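Asker: Just the structure for this:
(one chain, ligands or ions: 1)
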Amino acid sequence: MQDTRTPVTIITGFLGSGKTTLINHILTSDHGRKICIIENEFGEVNIDNALVIDTIEEIFEMNNGCICCNIRGDLVRVLDKIRKRKNKFDAIFIETTGLADPAPVAHTFFMDDGMKESFRVDAIVTMVDCKHVMLAINDDRPVGCLNEAERQLAFADKLILNKVDLATKDEKKEVLACIKGVNPGVEILECEYAKVDVEKILDARAFEFGKTLTAELEARDAAGSGSDEEDHVHDTRVSSVGIVLDGELDTEKFQEWLSKLLSEHGPDIFRSKGILAMHGTDEKLVFHGVHSILQFGSSAEGNVKAWEEDEPRVCRAVFIGKNLDREALDKGFRSCLAVVKPRSKEPKSKEPEA
Ligand SMILES: Nc1nc2c(ncn2[C@@H]2O[C@H](COP(=O)(O)OP(=O)(O)OP(=O)(O)O)[C@@H](O)[C@H]2O)c(=O)[nH]1
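Answerer: I've put the predicted structure just below:
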C-alpha cells in the first residue's frame with residue numbers, strides 16, 4: 001500500500017551552525033516539491049522570519065518559546081492545521097532553535113494516532129558548524145543540564161558538516177572524531193554554506209525511532225517526571241537579550257562597538273544577529289555573529305527585503321549566550337544611534353518694528 005503520510009524533516013544544529021542557510025538552499029533548489037517550513041527561533045526578538053527567502057512555500061512561525069520544551073503544544077496545533085488542509089504538502093521542514101533537543105520534537109509525531117496517520121518523521125538532519133561546535137560540546141555545564149550540541153550530534157540520522165571553509169585541518173579532525181564517538185556510522189555530508197545535494201535530504205527515510213526513544217525515556221527517568229517541561233533541563237545561564245530601537249545607527253560607531261564586544265566576549269556570546277537601519281542609506285543591514293566571527297549582508301545583496309518607502313526605520317538585534325549583561329548590551333547598542341541634526345528651521349520673519 002502507498003504511504004500517504006507527509007514526510008517531516010527535523011533540522012537541528014547549534015546556534016549559528018547554518019540551519020536558516022540550509023532552509024534557504026532547499027527553498028531555492030529545483031526539487032519540484034511543495035514544501036512547508038515550521039520555524040522556531042530562540043531569542044527575545046525574532047530575526048529569522050525576515051531572513052528566510054520569500055517563496056510560495058508556506059512558513060509557520062513559532063516564537064513563544066522553545067519547541068523542545070514548553071511549546072510542543074503549539075507544534076501540535078500547527079501540525080493539526082496542516083493535517084486538515086485540503087492542499088497537502090509534499091514535505092515539512094521544522095527548523096528548531098539552536099538550543100533545542102531534537103528527541104522530544106521527534107516524539108511529538110508519535111503522541112497519538114492522528115499524528116501517526118498523517119505524518120512520518122523522515123530524518124533528523126543536524127547542521128554542524130565545523131569551526132565552533134567543539135566550543136559547545138566542551139562547554140562546562142552545571143550538573144544535570146543538557147548538552148544540546150552533543151544531543152544534536154547523537155540523534156542525527158544525517159549530519160551536515162558545514163563551514164568547513166572556516167576550520168583548520170586539526171579542528172575538522174577533532175570534530176570528526178567527536179561525531180564518531182557519539183554517533184558512529186552516521187552519514188556525513190560535508191559542505192560550505194549548506195550547499196548539499198538536496199535530494200540527499202528530501203525523502204531520505206533515515207529516521208531511527210529507537211535511538212531517540214531510548215534517550216528520551218532515560219531523560220524522563222532521570223527527571224522523575226512525565227511532564228514535558230521537566231523532562232530535561234537547559235543551562236539557565238544561557239539566555240537571550242533582544243533590543244529594538246527606533247531610528248538609524250551610525251555605521252562606524254556600530255561596527256566599532258560590535259567588533260570590540262565580540263572580540264572581548266566572543267566565547268560567551270554564542271550568537272548575535274540583527275537587521276538594522278543605517279544612517280545615510282536606504283538599504284537594510286544584516287549582521288550575523290557566531291562567537292567572534294562577524295558577517296554582514298544587506299538588502300542590496302538580497303539577504304533581506306529592502307525598506308519600504310514609508311516604513312519606519314527600526315533596528316532589531318538579538319544576543320544569545322552565557323551570563324549576558326543586558327544593561328551593558330542595551331547601553332552599547334543605543335550609543336551607536338546616529339545623531340541626526342534637526343533640520344534648520346526657516347528664520348522667523350521679524351515683526352516689523354513699530
Ligand atoms: N564562512 C561560512 N559561513 C557560513 C556557512 N554557512 C552559514 N554561514 C554563515 O553563518 C551565519 C549563521 O548562519 P545561519 O544559517 O543563520 O545559522 P542558524 O543555524 O540558522 O542560526 P540560529 O538560527 O541563530 O541558530 C550566517 O552569517 C551565514 O551566512 C559556511 O559554510 N561558511
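
Asker: how about the nearest residue to the closest residue to the ligand within the stretch 51-200 of the chain, chain neighbours excluded?
Answerer: Nearest residue of the stretch 51-200 of the chain to the ligand (Cβ to the nearest ligand atom) works out as G98 at 3.2 Å. C-beta coordinates here come from the backbone N, C-alpha and C atoms, glycine included. Leaving aside its chain neighbours, G98 sits nearest to L15 (3.2 Å; criterion: Cβ to Cβ, 6 or more residues apart in numbering).

Asker: Surely that neighbour is in contact with R271?
Answerer: Yes - at 3.9 Å, L15 counts as touching R271 under the criterion of Cβ atoms under 8 Å.

Asker: Settle it for me: which of the two has more neighbours?
Answerer: L15 (25 against 22; other Cβ atoms under 10 Å).

Asker: Over to that one. Which of the three states is it?
Answerer: Three-state call for L15 (DSSP: H, G, I helix; E, B strand; the rest coil): coil.

Asker: and if you look at V241?
Answerer: Per three-state DSSP, V241 ends up strand.

Asker: what are the bridge partners for it, then?
Answerer: Beta bridges link V241 to F319, judged by DSSP bridges.

Asker: can you tell me the helix or strand for K331?
Answerer: Taking DSSP states H and E as the criterion, K331 maps to helix 326-334.

Asker: Can you tell me what sits against that helix?
Answerer: 241, 243, 245, 257, 261, 315, 317, 319 (Cβ atoms under 8 Å, 6 or more residues apart in numbering).

Asker: Now with 7 Å, please.
Answerer: Residues from elsewhere that reach helix 326-334 (Cβ atoms under 7 Å, 6 or more residues apart in numbering): 241, 243, 245, 257, 261, 317, 319.

Asker: Apart from its chain neighbours, what residue comes closest to S118?
Answerer: Nearest one to S118, counting by Cβ to Cβ, 6+ apart, is R83 at 4.4 Å.

Asker: Just to check, that neighbour is in contact with E117?
Answerer: No - look at R83 against E117 with Cβ atoms under 7 Å: they stay out of range, at 8.8 Å.

Asker: Tell me which of those two has more neighbours.
Answerer: Between R83 and E117, counted using other Cβ under 10 Å, the more crowded position is R83 (14 against 11).

Asker: Surely that one forms part of a helix?
Answerer: Yes - counting by three-state DSSP, R83 is found in a helix.

Asker: ok, and the helix or strand in this structure with the lowest average confidence?
Answerer: helix 209-223 (a mean of 62; mean pLDDT, DSSP states H and E).

Asker: who does V128 bridge with?
Answerer: Applying DSSP bridges, one finds that V128 bridges with L161.

Asker: Please give me every residue in contact with it.
Answerer: So V128 contacts 13, 17, 153, 159-162, 175 (Cβ under 7 Å, 6+ apart).

Asker: Just give me the closest of those to V304.
Answerer: S17 (20.0 Å; Cβ to Cβ).

Asker: Can you tell me how far the closest one is from the ligand?
Answerer: 4 Å (Cβ to the nearest ligand atom, to the nearest Å).
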